[in-house]
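Peer 1: Okay, predicted coordinates and the sequence, questions at the end:
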Amino acid sequence: MQRRGQSERPVKGRRHRAIRPKPRKALTARHSDANQEQLDQRTRERDEALDQVSATSEILKIISKSPGELEPVFDAMLEKATRICDAKFATLYLRDGGTWRAVATTRDAPPGYVEARKRNLLQVSTGGPLQQVIDTKQVVHIADLKKLRPYRERHPTLVAAVELGGFRTCLMVPMLRDDELVGAISILRQEVRLFTDKQINLLENFASQAVIAIENTRLLNELRESLQQQTATADVLKVISSSSGNLEPIFQAMLTNATQICRARFGLLNLCEGDALRRVALHNAPPQYSPRRGEVFRPHPAGPLGQVIKTKQFVHIEDIRTCQPYLEGDRVVVGFAHLAGARTVLAVPMLKEGALVGVLSIYRQEVRPFTEKQIDLVRNFATQAVIAIENARLLNDLNKLNQQLEQRVTDQVSEIERMGKLRRFLPPQVADLIVASGTEKQLESHRREITALFCDLRGFTGFSESSDPEDVMALLREYHAAIGEIINKYGGTLERYAGDGVMVVFNDPIPVDGPALQAVRMAIEMRAAIGELIEKWRKLGHDIGFGIGIAHGFATLGTIGFEGRFDYAAIGTVSNVASRLCDEAKPGQILISPRVLMAVEKDIMVEPVGDFALKGIRRPLTAYNVLGTKAVN
């Protein structure tokens, strides 16, 4: 068939040239589109990588800022995991012995699924994602939950996830510590779409960070518990040393500390009296159970106290309702269990040279065993109780100690009177430090790096000249009360005040972390508080402003004055600079020196206000006005 535009046969002597379409422009366009698509793909990959790095960094910041708090860490992890991985819902599970708990979830789950989760405890389905993680300790990636056998067998957990939550694709990663499975993180999509390798890596990284946060919290809680126990032991020893043979406050302190630190509901202390026990102290006993102090009773031989008497060993019963006397219906034990609500019991013997002196016992109203550390603490208290009893006996026998005690009391009274005089002219921090150390060395001249803050009222002189003395004093009382409360809050040392002028020092006599930042934050709160008073005064017709100056540097500190009237002062350029900056500050301004700026610029927003030639300062000083604190991301 002859085509249009072509001869029937080729012309002799000429090479036949086929007619081609002209695709060059279209081909170039396709190449351009492909290049643009590659560029867009690279941009997306770069943005995704940056987003993941930023998310990981933010999680680490939250971990560092939330010591001992797991909830904000877990919430941030799940929020970022669902956002970056384009998922709908996320859950963090923790292993608790042989069970699993969902300790954190994202908030945007379908309401029906949320209600189902509230009604049912977590049930690990055989063959389900969590069970696979438990069995393999590996990442589990399921394209479609509907295809799992547990779903087809209508396991409630998977049925709720698929039919109420609408979830299809699931990614679950293990949380491992020393190859031990401690938890798992799962993210879910409502469509069948696998997660990418980068998204899987991100979730694995979050799982590692979660393990780090859990371990940090565990170590911190152990440290806190250890410190609490040491503090409690020290408190009891103090009570013993100051009781002068009075056993009641010692026993009460022991029971109070034992129940609080061991998270028990109430406690009892009984002393042996023949073959019976006499109740000598109790703490926080339930109202329904009202044991009488001083009553003598004989415990059931198979009950907790009876076992201690028989074995002279501590007795730890997880649930008193499983012990023999309760099961046999013993009236005393059953009545005690029901009236007091006691479930878990710890009873510890008080022994002196192998002889039983008494029994110290604490009780929980839920079934929750005490830890080994808690048992050791109560045993330590029992030992201290025996020591206290022996001390009381010795004190009663040795009358000569009374004279020494009376002399000690006299000396202490003299010391209190001396310290009372010190508090009349020294800042509270200085006086308290002297009281705590027992020496007045802190009053000696010394040099230290400090932050000095000076503030005063603008227009106060004119106001005082034109107002009644009563109005002036009333205004000063309001002003001093407002800034005095803030100074105490931030731990500043009130170096002096004269009329409306006040100077506060940070980092002496008590060291302060970040004294410059502490001073600036205090100044911001002062400005806000005095700002409210200024509005009130303005309504009364008083035109008064408020300015602050802050400087940082070395100063010489110590007492100045004469016998009968001393002051604690900070002398040096830093004090002068703070005062001069305060003079230059306009109403509402907080002017800070460059050294203060260097210390606070990461946390505080400022604006430069120019150079000032300050009296007594050789060179002009650049000052900055504090605008406020920076928002925390």
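Peer 2: Looks like it came in fine. Numbers count the residues shown, from 1 in each chain.
Peer 1: okay, and for the stretch 301-450 of the chain, where does confidence drop off?
Peer 2: Across the stretch 301-450 of the chain, the ranges flagged by pLDDT under 70 are 394-405, 409-443.
Peer 1: now the helices for it?
Peer 2: If DSSP state H, counting those that start in this stretch is used as the criterion, the helices of the stretch 301-450 of the chain fall at 304-311, 324-327, 331-340, 372-397, 401-425, 428-437.
Peer 1: Where does pLDDT dip in the stretch 51-200 of the chain?
Peer 2: 51-57, 59-68, 116-123.
Peer 1: what about D179, neighbour count?
Peer 2: The number of residues packed near D179 is 6, by other Cβ atoms under 10 Å. C-beta here means a position set from N, CA and C on the backbone, and glycine is covered the same way.
Peer 1: Can you give me every residue that contacts the residue nearest to it when sequence neighbours are not counted?
Peer 2: Distances taken as Cβ to Cβ, 6 or more residues apart in numbering put K137 closest to D179, at 7.3 Å, once the chain neighbours are dropped. Counting by Cβ atoms under 8 Å, 6 or more residues apart in numbering, K137 touches 174, 176, 179, 181.
Peer 1: Ramachandran angles for K137?
Peer 2: phi 60, psi 30 (degrees, to the nearest 10).
Peer 1: Tell me which two in the contacts of K137 are the farthest apart.
Peer 2: P174 and D179 (10.1 Å; Cβ to Cβ).
Peer 1: mind listing the strands for the stretch 51-200 of the chain?
Peer 2: 89-96, 99-105, 140-142, 169-177, 180-189 (DSSP state E, counting those that start in this stretch).
Peer 1: got a list of contacts for the first one?
Peer 2: Residues from elsewhere that reach strand 89-96 (Cβ under 8 Å, 6+ apart): 74, 77-79, 81-82, 100-106, 108-109, 113, 122, 130, 165, 167, 181-188, 210, 214.
Peer 1: Show the buried residues in those residues.
Peer 2: Among these, those scoring as buried are 74, 77-79, 81-82, 100, 104-106, 109, 113, 130, 165, 167, 182-188, 210, 214 (criterion: 16 or more other Cβ atoms under 10 Å).
Peer 1: close enough to count as contact, L268 and R278?
Peer 2: No. Using Cβ atoms under 8 Å, L268 makes no contact with R278, being 11.2 Å away.
Peer 1: between these two, what contacts are shared?
Peer 2: In contact with both L268 and R278: no residue, using Cβ under 8 Å, 6+ apart.
Peer 1: more neighbours, these two?
Peer 2: Comparing L268 with R278 by other Cβ under 10 Å, the one with more neighbours is L268, at 23 against 15.
Peer 1: Y289 in helix, strand or coil?
Peer 2: The three-state label given to Y289 by DSSP: H, G, I helix; E, B strand; the rest coil is coil.
Peer 1: Surely it and A337 touch.
Peer 2: No. Using Cβ under 8 Å, Y289 makes no contact with A337, being 9.7 Å away.
Peer 1: Comparing those two, which residue is more hemmed in?
Peer 2: Comparing Y289 with A337 by other Cβ under 10 Å, the one with more neighbours is A337, at 21 against 17.
Peer 1: Not counting sequence-adjacent ones, nearest residue to the more buried one?
Peer 2: Nearest to A337 is I320, by Cβ to Cβ, 6+ apart, at 5.2 Å.
Peer 1: Tell me who's in contact with that neighbour.
Peer 2: Residues in contact with I320, defined by Cβ under 8 Å, 6+ apart, are 304, 326, 333, 336-337, 342-345.
Peer 1: can we see that at 6 Å?
Peer 2: Contacts here follow Cβ atoms under 6 Å, 6 or more residues apart in numbering; on that basis I320 touches 337, 342, 345.
Peer 1: again with E449
Peer 2: Applying Cβ under 6 Å, 6+ apart, the residues near E449 are F554.
Peer 1: What's opposite it in the beta bridge?
Peer 2: E449 has these beta-bridge partners by DSSP bridges: F554.
Peer 1: And it, how close does it get to F506?
Peer 2: Distance from E449 to F506, counting by Cβ to Cβ, to the nearest Å: 10 Å.
Peer 1: so what's the backbone phi/psi at the nearest residue to L305 once chain neighbours are set aside?
Peer 2: Residue nearest to L305 in three dimensions, not counting chain neighbours: P299, with 3.8 Å by Cβ to Cβ, 6+ apart. For P299, the backbone dihedrals (degrees, to the nearest 10) come out as phi -70, psi 160.
Peer 1: CSV for the contacts of K137, including distance to F562?
Peer 2: Output for those, formatted as CSV (distance: Cβ to Cβ, whole Å):
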residue, distance to F562
P174, 74
L176, 71
D179, 73
L181, 73
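Peer 1: any idea how far L457 lies from E180?
Peer 2: 64 Å.
Peer 1: now G484
Peer 2: Taking Cβ to Cβ, one finds G484 at 55 Å from E180.
Peer 1: And the two? Which one has more around it.
Peer 2: The residue with more neighbours, out of G484 and E180, is G484; 13 against 10, by other Cβ under 10 Å.
Peer 1: Quick check: phi and psi at that one.
Peer 2: Dihedral angles (degrees, to the nearest 10) for G484: phi -60, psi -40.
Peer 1: i'd like the first residue to be 32 from this point on
Peer 2: Sure, I'll start numbering at 32, so the last one becomes G515.
Peer 1: Find the nearest non-adjacent residue to it, please.
Peer 2: The shortest distance from G515 to any non-neighbouring residue, by Cβ to Cβ, 6+ apart, is to L525 (7.6 Å).
Peer 1: try P141
Peer 2: Nearest to P141 is G196, by Cβ to Cβ, 6+ apart, at 5.3 Å.
Peer 1: What pLDDT is listed against D78?
Peer 2: Looking at D78, its pLDDT is 54.
Peer 1: again with the one 3 residues further on
Peer 2: The predicted local confidence for L81 comes out at a pLDDT of 57.
Peer 1: Go through stretch 488-500 and flag the buried ones.
Peer 2: Within stretch 488-500, the residues that count as buried by 16+ other Cβ under 10 Å are 488-491, 494-495, 498.
Peer 1: Mind checking which of the residues you listed land in helices?
Peer 2: The members of the buried residues of stretch 488-500 that map onto helices under DSSP state H are 491, 494-495.
Peer 1: closest to P651 among the residues you listed?
Peer 2: Using Cβ to Cβ, these come closest to P651 at F491, 27.7 Å.
Peer 1: Count residues in the vicinity of E102, would you?
Peer 2: There are 10 residues near E102, going by other Cβ under 10 Å.
Peer 1: and the closest residue to it other than its chain neighbours, what are its bridge partners?
Peer 2: Nearest in space to E102, with sequence neighbours left out and distances taken as Cβ to Cβ, 6+ apart, is A135 at 7.0 Å. Residues in a beta bridge with A135, per DSSP bridges, are L123.
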